[in-house]
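# Predicted model, plus sequence, below.
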Amino acid sequence: MAGMFQGKVAMVTGSTSGIGLAMARAFAAEGADVMINGLGDAAEIETIRRGIETEFGVKAGYHGANMLKPAEIRDLVAGTESKLGRLDILVNNAGIQFVSPVEDFPDEKWDQIIGINLSSAFHTIKAAVPGMKARGGGRIINLSSAHALIASPFKSAYVAAKHGVTGLTKTVALELAQSKITVNAIAPGYVWTPLVERQIPDTMKARNMTEDEVKKNVLLAAQPTKEFVTVEQVAALAVYLASPVAASITGTTISMDGGWTAQ
Ligand code: NAD
């Protein structure tokens, strides 16, 4: 399937790290020009952007739109279309987490999580759909979570936002069903990202556990395989959903969670 996305353009929100970066690289590996987005150190982001161009021989742009700002999100979509010529694959991936009992949950954290994890996808979709319709098709992929299907305590904003992503995915899929634009969500369980890796040393100390015990008995307590999902696995599913053979998959949330939500 080499070069499947030659001549296509992918834009991935929150792609300066973790799952988003793996997806941007996977689309570039298939020949797509890519627009990356996210927060972080300017020099490190430039190294990532240039690395994608040299490794895969595609054009890579960067836009620093904050997913809390609708005007900046509109500019991200418009900037992708003007700098790279089109937008065929839109991936709504940017996301943050905050953990607290509901009665202590800070109002501003609730607003940020709903804004970044849910509303930003509404704004990118609203801005991207006219161009996709005009060009005769497209793919929209939302990075959801096992928490789109089930809940865990103390994650009220995150679970509400991810359940909201399911509703947005279904609704927009129906609206675009005859426009050759598919809309789907990927629902990972625990994915091995730097974010997860950084929690391990402190948890080892706090619980007097080995690294393996922390992974299996704390982080992966709910994940039956006792294995982390990898960013490459999530990226490969995104590539599949963006490919021509996935044209009939729309309006669905696909789990990649080691059996978590089968319980
Ligand atoms: P990460 O922290 O490694 O990456 C998040 C990205 O979002 C970064 O590029 C960051 O800069 C960007 N971002 C954060 N706030 C932003 C803002 N205001 N504007 C623009 N960009 C912003 O996280 P990740 O683990 O790769 O998570 C990516 C997505 O996958 C999220 O939607 C998350 O909810 C989902 N997810 C992650 C896991 C997991 O175990 N890691 C599991 C299920 C779902």
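Structure received.

# Just list the residues touching the nearest residue to residue 229 once chain neighbours are set aside, thanks.
What sits nearest to residue 229 in space, not counting adjacent residues and going by C-beta to C-beta, 6 or more residues apart in numbering, is residue 191, at 4.5 Å. Backbone N, C-alpha and C define where each C-beta goes, glycine included. By C-beta atoms under 8 Å, 6 or more residues apart in numbering, residue 191 lies in contact with 18, 19, 228, 229, 230, 231, 234.

# The strand or helix carrying the last one - contacts with which helices or strands?
Counting by DSSP states H and E, the secondary-structure element that holds residue 234 is helix 231-242. Secondary structure elements in contact with helix 231-242, counted by 3 or more C-beta pairs under 8 Å, 6 or more residues apart in numbering; DSSP states H and E, are helix 18-29, strand 138-143, strand 181-188, strand 253-256.

# right, so of those, which gets closest to the ligand?
helix 18-29 (2.3 Å; C-beta to the nearest ligand atom).

# and that closest one with the ligand, contact?
Yes. Judged by C-beta under 6 Å from any ligand atom, helix 18-29 comes into contact with the ligand through 18, 19, 20.

# Quick one: neighbours of the first one, just the number.
Number of residues near residue 18 (other C-beta atoms under 10 Å) recorded here: 21.

# That one is in contact with residue 194, isn't it?
Yes. At 6.6 Å, residue 18 counts as touching residue 194 under the criterion of C-beta atoms under 8 Å.

# List the buried residues for the longest helix seen in the chain?
Identified as the longest helix of the chain according to DSSP state H is helix 156-175. For helix 156-175, burial by neighbour count (16 or more other C-beta atoms under 10 Å) applies to 156-166, 168-170, 172-173.

# One more: stretch 90-110?
Within stretch 90-110, the residues that count as buried by 16+ other C-beta under 10 Å are 90, 91, 92, 93, 94, 95, 96, 98, 105, 109, 110.

# got it, and stretch 34-48?
Buried-residue list, stretch 34-48, by 16+ other C-beta under 10 Å: 34, 35, 36, 37, 38, 45, 48.

# Which neighbouring elements make contact with the helix or strand hosting residue 202?
Using DSSP H and E, residue 202 maps to helix 200-207. When contacts are defined as 3+ C-beta pairs under 8 Å, 6+ apart, helix 200-207 packs onto helix 211-213.

# rewinding a little: now do the buried residues in the helix holding residue 202.
By neighbour count on 16+ other C-beta under 10 Å, the buried set for helix 200-207 is residue 204.

# Residues touching that helix, excluding its own?
209, 210, 211, 213, 214, 215, 218, 219.

# how far out from the middle of the chain is that helix?
Remark: helix 200-207 is offset 28 Å from the chain centroid, using C-alpha atoms, centre = their mean, to the nearest Å.

# just stretch 190-203 next, same as before
Relative to its parent chain, stretch 190-203 has a centroid offset of 18 Å by C-alpha atoms, centre = their mean.

# Convert the C-alpha atoms of that stretch to CSV, please.
C-alpha atoms of stretch 190-203 as CSV (Å, rounded to 0.1, in the frame of the first residue of the first chain):
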residue,chain,number,x,y,z
TYR,A,190,-4.1,2.7,27.7
VAL,A,191,-1.6,3.7,25.0
TRP,A,192,2.1,3.7,25.7
THR,A,193,3.0,7.4,25.4
PRO,A,194,5.6,9.6,27.1
LEU,A,195,2.7,10.9,29.3
VAL,A,196,2.1,7.4,30.7
GLU,A,197,5.8,6.5,30.9
ARG,A,198,6.4,9.5,33.1
GLN,A,199,4.0,8.3,35.7
ILE,A,200,5.9,5.1,36.4
PRO,A,201,8.9,6.1,38.6
ASP,A,202,6.7,8.0,41.1
THR,A,203,4.1,5.2,41.3
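
# just the angle between the helix or strand where residue 127 lies and helix 156-175, please?
Assigned by DSSP H and E, residue 127 belongs to helix 120-135. Here the directions of helix 120-135 and helix 156-175 differ by 20 degrees (axes from the mean of the first three to the mean of the last three C-alpha atoms, to 10 degrees).
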